[in-house]
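K.L.:
Quick one, structure for this:
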Amino acid sequence: MKPLVVGIAGGSASGKTTLTSALTEYLREDTPSHSVEVFPLDRYFYRGAPGGPRFKSPSTGEDLPDNNHPNSADNTKLVADLDQLCESPDAPEIVILEGLMLLHVPEIRSRIALKLFIQLDGDLRAIRRLLRDMKGGRGSTDPEWIATYYRECAREGHNNYVEPSKRYADLIIPGDAPTHRSAILVAGAIRSLLNETYIRNIS
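P.N.:
Numbers count the residues shown, from 1 in each chain. This next block holds a predicted model:
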């Protein structure tokens with residue numbers, strides 16, 4: 001059977017990576033265990049490289065990469081790599097995609113069997129993002145710069161693309177719910193889909 005593709009979308013700092021990690025661990029340790037491969041959209045971000053969208057900061061005039069636009073990642077390569085993985089004889093049982101725009105981009109969305117959206121209040125996401133980025137690893141650690149970029153770019157991208165895409169979701173998961181409970185809920189839905197696929201294939 002081809003892998004079951006699960007997509008986890010949602011706003012910046014809503015808890016996508018946390019749920020993905022918990023769900024992956026739960027599925028691998030389940031009885032019976034499942035082979036799982038995580039496919040993060042972040043791997044395909046341009047992050048200022050040629051080909052990616054840019055915007056000019058209204059407050060500073062600085063020319064910056066726009067990491068909150070549907071074209072901020074190389075979607076063509078992502079789809080090609082995903083298709084190659086799913087056709088591989090060594091393909092895992094489950095592939096988990098994780099990223100902001102998964103449900104917005106039609107070419108990606110059409111390949112997802114179970115579509116999840118993590119919903120979290122914008123104020124909480126902004127605070128989480130600020131605390132996360134101040135620890136380093138995502139560009140500037142200056143709180144004023146982080147807050148400005150969020151206000152001028154990330155919030156706009158969320159309102160224009162990410163939030164409207166939740167209408168495509170099969171399940172909406174609260175971002176402030178206990179992660180282990182959400183992982184158990186999603187794992188149950190995945191098991192049901194795997195069983196349905198197995199039954200169809202042997203019928």
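K.L.:
so what's the residue positioned nearest the centre of the chain up against?
P.N.:
For the chain, the residue nearest the mean C-alpha position is Gly99 (2.0 Å; Cα atoms, centre = their mean). Neighbouring residues of Gly99 by Cβ atoms under 8 Å, 6 or more residues apart in numbering: Ile8, Ala9, Lys16, Pro40, Leu41, Asp42, Ala73. (Glycine included, C-beta is placed from N, CA and C.)
K.L.:
Mind doing that once more with 7 Å?
P.N.:
Counting by Cβ atoms under 7 Å, 6 or more residues apart in numbering, Gly99 touches Ala9, Pro40, Leu41, Asp42.
K.L.:
pLDDT value on the second one, please?
P.N.:
Okay, so that is Pro40. Predicted confidence (pLDDT) for Pro40: 92.
K.L.:
Got phi/psi on it?
P.N.:
Note on Pro40: its backbone torsions stand at phi -80, psi 130 [degrees, to the nearest 10].
K.L.:
mind listing which of the contacts of Gly99 are in strands?
P.N.:
Ala9, Pro40 (DSSP state E).
K.L.:
Filter the contacts of Gly99 down to the buried ones and hand me the PyMOL line.
P.N.:
Entered in PyMOL, the line below selects the buried ones among these, by 16 or more other Cβ atoms under 10 Å:
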select buried, resi 9+40+41
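K.L.:
Tabulate the contacts of Gly99 (CSV), appending distance to Asp176.
P.N.:
Formatted as CSV, the contacts of Gly99 follow (distance: Cβ to Cβ, whole Å):
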residue, distance to Asp176
Ala9, 17
Pro40, 22
Leu41, 22
Asp42, 22
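K.L.:
ok, of the contacts of Gly99, which one's closest to Val162?
P.N.:
Ala9 (7.1 Å; Cβ to Cβ).
K.L.:
All good on my end, thank you.
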